[in-house]
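> Provided below for reference: sequence and predicted model.
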Amino acid sequence: MKKRDYYEILGVSRSASVEEIQRAYRRLARTLHPDVNKDKDAEKKFKELGEAREVLKDPEKRKLYDRFGHRWQQAAESGGASARPGGRESRRQRPASASGFSSGRFESSFHWEDVVEDLFRQGGAAGGVHGEARGFEQPPVAEAEVTVSLADVFFGATRTITLQTYGVAADGSVAPVQRTLQVKIPQGIKDGAVIRLAGQGGPGSSWGRNGDLHLRVRIAPDPQFARDGQDLVTVVAVSPWEALLGATIPVRTFDGTVTVRVPKNSQNGTRLRLRGKGMPGRGGGAGDLLVELEVRLPEKLDAEEERLLRELAGKSRFDPRQGVAQKRPRAGE
């Protein structure tokens, strides 16, 4: 029987990149994997798919295939100028193994990640598969996410997560496995950082131990503080007279409320630095808390306030348009 063209099997053009080939393989493997697809031809098609991917992802094998078609292995074994463009002698290559099943088990060239990466990857706290395991030498790595508050990161915390991974049952089917874990969130951990939990991932079909769980930490936005590395930034409102005359104002921190002195003639957007009041570092020490002043105007004046302001306006020589009468908005406004 005539073998199908590898590019046709994967549904890609002959100019497809390696990334496009890998994506096509993963997309098709989700539906053709014999653990999922019970069609009688699924195993055969899955083997064809794995063979096509094995050849086309390798630049040297792909060159030979593009030149010699399905005779590329014989060309590689024969060596000489006929096997390699440019006239250099080709080293003897082993024939590529087809990824798939053999006598009811996976062959040694099977790539577990490429088959179940998208099938096993779920949102939120659902587990996924990461990394590559060849020949079932390594169990799959599960991935999950946990969302914590900025206060959790400041003080450190313990969170309970429900993890759903997948395993292969005795009958060969893919079955969900749900577990509850207590996870310690270290002080000062960064958004997107990964906590590795050894042996807490999902089991494979023939490994003697569980894989690891890689727990990615996501930090929810805080209503009062933003994070800049180890520094924290907060905005505090002041009145025009507090900014101009100077004042002492209360400022909240994660450790409690502190008193901050506003210097005279402070401008809108002025930042005051409170040393050591920022995010604790994982290796010790802490960042700073940056207090940005936002000068707010009263929305309504009473008669006496209006009289005083009119008196000030008649005596003041301040011209806010002197030098720069108008300018373009700042980015993001």
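Okay, I see it.
> which pLDDT value goes with residue 146?
Note on residue 146: pLDDT of 86.
> please, which helix or strand holds residue 216?
If you go by DSSP states H and E, residue 216 is part of strand 213-219.
> for that strand, the averaged confidence score.
89.
> now do the buried residues in whichever helix or strand comes after it.
Per DSSP H and E, the first helix or strand lying C-terminal to strand 213-219 is strand 226-228. Neighbour counts using 16 or more other CB atoms under 10 Å place residue 227 of strand 226-228 among the buried residues. Every C-beta, even on glycine, is put in place using the N, C-alpha and C of the backbone.
> what is the strand holding residue 216 packed up against?
Secondary-structure packing of strand 213-219 (3 or more CB pairs under 8 Å, 6 or more residues apart in numbering; DSSP states H and E): strand 142-148, strand 174-185, strand 194-197.
> for that strand, buried residues please.
Across strand 213-219, burial judged by 16+ other CB under 10 Å covers 213-215, 217, 219.
> the helices and strands packed on strand 213-219: which one's closest to residue 30?
strand 174-185 (11.0 Å; CB to CB).
> tell me the angle the closest one makes with strand 142-148.
Direction vectors for strand 174-185 and strand 142-148, defined by axes from the mean of the first three to the mean of the last three CA atoms, to 10 degrees, enclose an angle of 40 degrees.
> what lines up beside strand 174-185 in the sheet?
Sheet pairing of strand 174-185 (DSSP bridges) gives strand 157-168 (antiparallel).
> just the buried residues of stretch 235-245, please?
So stretch 235-245, judged by 16+ other CB under 10 Å, has buried residues 236, 238, 242-243.
> nearest spatial neighbour of residue 3, skipping sequence neighbours?
residue 70 (5.0 Å; CB to CB, 6 or more residues apart in numbering).
> touching, the one you found and residue 48? I think so.
No. Using CB atoms under 8 Å, residue 70 makes no contact with residue 48, being 11.7 Å away.
> one step back: now the buried residues of strand 213-219 in TSV, with distance to residue 273?
Formatted as TSV, these follow (distance: CB to CB, whole Å):
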residue	distance to residue 273
213	39
214	36
215	34
217	27
219	22
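> would you point out the most distant pair within the residues you listed?
So, the buried residues of strand 213-219 by CB to CB: farthest apart are 213 and 219, at 19.2 Å.
> which among the buried residues of strand 213-219 gets closest to residue 77?
Scanning these for proximity to residue 77, where the rule is CB to CB, the winner is residue 214, at 41.5 Å.
> surely the closest one is in contact with residue 163?
No. Residue 214 is beyond contact range of residue 163, at 11.4 Å (criterion: CB under 8 Å).
> common neighbours of the two, please.
142, 144 (CB atoms under 8 Å, 6 or more residues apart in numbering).
> just for the stretch 51-200 of the chain, where's the confidence low?
78-140, 164-174, 177 (pLDDT under 70).
> the same query, at a cut-off of 50, please.
Along the stretch 51-200 of the chain, the model assigns pLDDT under 50 to residues 80-137.
> so which residues of it form helices?
Under the criterion DSSP state H, counting those that start in this stretch, the stretch 51-200 of the chain contains helices at 59-68, 72-78, 112-120, 150-155.
> skip the chain neighbours and tell me the closest residue to the residue nearest to the spatial centre of the chain.
For the chain, the residue nearest the mean C-alpha position is residue 192 (6.2 Å; CA atoms, centre = their mean). Closest residue to residue 192 apart from its sequence neighbours, by CB to CB, 6+ apart: residue 216 at 6.5 Å.
> residue 53 contacts residue 12, doesn't it?
No. In this structure residue 53 lies outside contact range of residue 12 using CB under 8 Å: 10.3 Å.
> I'd assumed residue 278 was in contact with residue 188.
No. Using CB under 8 Å, residue 188 is not in contact with residue 278; the gap is 9.7 Å.
> compare the two (neighbour count), which wins?
For residue 188 versus residue 278, neighbours defined as other CB atoms under 10 Å are more numerous around residue 278 (26 against 20).
> please list all residues in contact with the closest residue to that one other than its chain neighbours.
The spatial neighbour of residue 278 that comes closest, neighbours along the chain excluded (CB to CB, 6+ apart), is residue 287 at 2.9 Å. The contact partners of residue 287, taken as CB under 8 Å, 6+ apart, are 229-232, 276, 278-279, 281.
> buried ones among those?
Among the contacts of residue 287, the ones that count as buried (16+ other CB under 10 Å) are 230-232, 278-279.
> farthest pair in those residues?
Going by CB to CB, the pair spanning the buried ones among the contacts of residue 287 furthest: 230 and 232, at 8.3 Å.
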